[in-house]
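Colleague: Predicted model and sequence follow; I will ask about them next.
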Amino acid sequence: MRTSGQMGVPVIVIDGQAIIGFDRARIQALVSRGQSQTPPRLGLQIADAAEHAQKHGDIPVFGALVGKVAPGSLGEKVGLNSGDIITEINARRVSNAADVERALEGLKTGNILMVIFLRGDETRKSEIVV
């Protein structure tokens, strides 16, 4: 009543906007406005690990080689460092850099991001909520 002056009519307040009645289209628009429609980004520069290893005469390892990690990015929050090799994201195998983008396609805010990566000879696993 204080918000809209209406009595006996349902009032929903979303982000400070009063919706009088059951205006489903407006409710959905306001709710989805705050939700990201694009998948979250890791904030990494990555390359194909096998291709990089081949150029340097190393034994090929399949995955995505991390180059730079942007400060404050999801990549930094999940604990990735330059030189790490991402081998799996959310139970999806990562064989090259393109696989990282495909693995992130269905990820939305509030989902868990699980990354398995190699750091030197050690396999590590890290999880965060996006």
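Modeller: Yep, it's here.

Colleague: In terms of helix, strand or coil, where does the residue nearest to the spatial centre of the chain fall?
Modeller: For the chain, the residue nearest the mean C-alpha position is residue 40 (3.4 Å; CA atoms, centre = their mean). Three states are possible here, and by DSSP: H, G, I helix; E, B strand; the rest coil the one that applies to residue 40 is coil.

Colleague: and the residue lying closest to it once chain neighbours are set aside, how many neighbours does it have?
Modeller: The shortest distance from residue 40 to any non-neighbouring residue, by CB to CB, 6 or more residues apart in numbering, is to residue 130 (4.9 Å). (Glycine included, C-beta is placed from N, CA and C.) For residue 130, the count of nearby residues is 16 (other CB atoms under 10 Å).

Colleague: Quick check: the gap between residue 130 and residue 107.
Modeller: Computed as CB to CB, to the nearest Å, the residue 130 to residue 107 distance reads 6 Å.

Colleague: same check, this time on residue 60
Modeller: Distance check for residue 60 against residue 107: by CB to CB, it reads 28 Å.

Colleague: okay, those two: which has more neighbours?
Modeller: When residue 60 and residue 107 are compared for neighbours, residue 107 comes out ahead with 19 against 12, by other CB under 10 Å.

Colleague: Quick check, pLDDT for that one.
Modeller: Per-residue confidence (pLDDT) for residue 107: 81.

Colleague: With residue 121 instead?
Modeller: Among the per-residue scores, residue 121 holds a pLDDT of 88.

Colleague: before we move on, what about the one 5 residues further on?
Modeller: Predicted confidence (pLDDT) for residue 126: 92.

Colleague: Kindly report the same for residue 38.
Modeller: Note on residue 38: pLDDT of 64.

Colleague: what's the residue lying closest to residue 61 once chain neighbours are set aside sitting at in phi/psi?
Modeller: With CB to CB, 6+ apart as the criterion, residue 61 has its nearest non-adjacent residue at 5.1 Å, and that residue is residue 49. Reported as degrees, to the nearest 10, the phi and psi values for residue 49 are phi -60, psi -40.
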